[in-house]
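**Student:** Predicted model follows, preceded by the sequence.
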Amino acid sequence: MAKTTSFLYQLARMSNDIEKLASGDPKRIARRAKNKYIGRKLVKNVWKFPF
């Protein structure tokens, strides 16, 4: 069940990326790219944080 859920979340993220690219709106594309970049950097730093 966990693999199915993980796959569906991954599919939803990919669908959102495709939707933003297909819109052709440079602002939406840039915002999506910026948010993905920030999210990845944030998660990487949070996982390094010693609790």
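**Tutor:** The structure has been received and is ready for your questions. Numbers count the residues shown, from 1 in each chain.
**Student:** Go through the strand or helix carrying Leu21 and flag the buried ones.
**Tutor:** Taking DSSP states H and E as the criterion, Leu21 maps to helix 2-23. Within helix 2-23, the residues that qualify as buried are Lys20, counting by 16 or more other Cβ atoms under 10 Å. (C-beta placed from N, C-alpha, C; glycine too.)
**Student:** now for it, which elements pack on it?
**Tutor:** On a contact count with 3 or more Cβ pairs under 8 Å, 6 or more residues apart in numbering; DSSP states H and E, helix 2-23 meets helix 26-48.
**Student:** Could you check how far the helix it packs on is from the centre of its chain?
**Tutor:** Distance of helix 26-48 from the chain centroid (Cα atoms, centre = their mean, to the nearest Å) equals 7 Å.
**Student:** Also stretch 11-27?
**Tutor:** That offset, for stretch 11-27, works out to 11 Å (Cα atoms, centre = their mean).
**Student:** Likewise for stretch 5-18?
**Tutor:** 9 Å.
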